[in-house]
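Student: Just to be clear, the model below is a prediction. Sequence and coordinates:
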Amino acid sequence: EPEVTQTPSHQVTQMGQEVILRCVPISNHLYFYWYRQILGQKVEFLVSFYNNEISEKSEIFDDQFSVERPDGSNFTLKIRSTKLEDSAMYFCASKRQGGLDTQYFGPGTRLTVL
Amino acid sequence: DQQVKQNSPSLSVQEGRISILNCDYTNSMFDYFLWYKKYPAEGPTFLISISSIKDKNEDGRFTVFLNKSAKHLSLHIVPSQPGDSAVYFCAASVLIQGAQKLVFGQGTRLTINP
């Protein structure tokens, strides 16, 4: 069964450094998402991406964040200058089509900012 | 942001009995609801969904009920099995230009006792 994959599983970085989190969505999916979950808190929406552009973003997704689909398979989240409060689990999700459909999640990347 | 609430942080059920997990929402614009199951250090795994035009959807041991007038949904698992022990998240979405931002509840930790 096709799955969303994410790398790395755990990323440790120093405050102020740039990180890139990588995702490979399910191959025939067209809509892509990033969510995050700070320890002990809810899963929160960050951004949705379709047709090579951002379709919606949350207030968390400020200028420090960017997303890209550099080729036909990868979907990346870049944090330009990490802060302590960016420490969280980051989940990528994908959806096959527009309309009401199910989002499938990857296993997540645990980001630790020191 | 309390648009989706799961008021029970934990639930303990005997193996073979019915597990009922509850979820309330406040935004009447939500048109699609999903339940995800999550194990530690893994991403949310899709279980079952329901659109706002229905009041029940069943898939094997899992049934989701939607009461729009009460803005309430529930997930029934019967019979409960030890492998069902996990954190269960309710999520709701509004469709905006094909994208679908999911709003999650806080989760309910279900423990199935042998």
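Tutor: Ah, there it is.

Student: Give the other helices and strands that the one helix or strand in chain A whose mean pLDDT sits lowest contacts.
Tutor: For chain A, using mean pLDDT, DSSP states H and E, the weakest element among its helices and strands is strand A:53-57, scoring a mean of 91. The contact analysis (3 or more C-beta pairs under 8 Å, 6 or more residues apart in numbering or on different chains; DSSP states H and E) places strand A:53-57 against strand A:43-50, strand B:99-104. All C-beta atoms are positioned from the backbone trio N, CA, C, and that covers glycine.

Student: so how many other residues sit close to the residue lying closest to residue B:111 once chain neighbours are set aside?
Tutor: Nearest non-adjacent residue to residue B:111, counting by C-beta to C-beta, 6 or more residues apart in numbering or on different chains: residue B:12, 4.7 Å away. Neighbourhood size, residue B:12 [other C-beta atoms under 10 Å in any protein chain shown]: 11.

Student: can you give me how far the helix or strand hosting residue B:12 is from the chain middle?
Tutor: In this structure, residue B:12 sits in strand B:10-14 according to DSSP states H and E. Strand B:10-14 sits 15 Å away from the centroid of its parent chain (C-alpha atoms, centre = their mean, to the nearest Å).

Student: for stretch A:41-50, same thing?
Tutor: 8 Å.

Student: For the residue nearest to residue B:111, list the residues it contacts.
Tutor: Shown in contact with residue B:12 (C-beta atoms under 8 Å, 6 or more residues apart in numbering or on different chains): B:110-111, B:113.

Student: Now do the strands in the chain.
Tutor: Unless you meant another one, I'm taking chain A. Using DSSP state E, the strands of chain A run over residues A:5-7, A:10-13, A:19-24, A:31-37, A:43-50, A:53-57, A:65-68, A:75-79, A:88-95, A:104-105, A:109-113.

Student: try chain B instead
Tutor: With strands called from DSSP E, chain B shows them at B:4-5, B:10-14, B:19-25, B:32-38, B:45-51, B:56-59, B:62-67, B:72-77, B:86-96, B:99-104, B:108-113.

Student: Please list the residues outside the first one that contact it.
Tutor: Residues from elsewhere that reach strand B:4-5, judged by C-beta under 8 Å, 6+ apart: B:23-26, B:90-92, B:103-106.

Student: check contacts around the residue of chain A at minimum distance from chain B.
Tutor: Using C-beta to the nearest C-beta, the closest approach of chain A to chain B is made by residue A:98 at 3.2 Å. Neighbouring residues of residue A:98 by C-beta under 8 Å, 6+ apart: A:30-31, A:50, B:95, B:98-99.

Student: Flag whichever of those residues scores worst on pLDDT.
Tutor: Least confident of these in the model: residue B:98, at 65.

Student: just to revisit the earlier point, neighbouring strands - and their directions - for the strand holding residue B:12?
Tutor: Strand B:10-14 has the following strand partners under DSSP bridges: strand B:108-113 (parallel).
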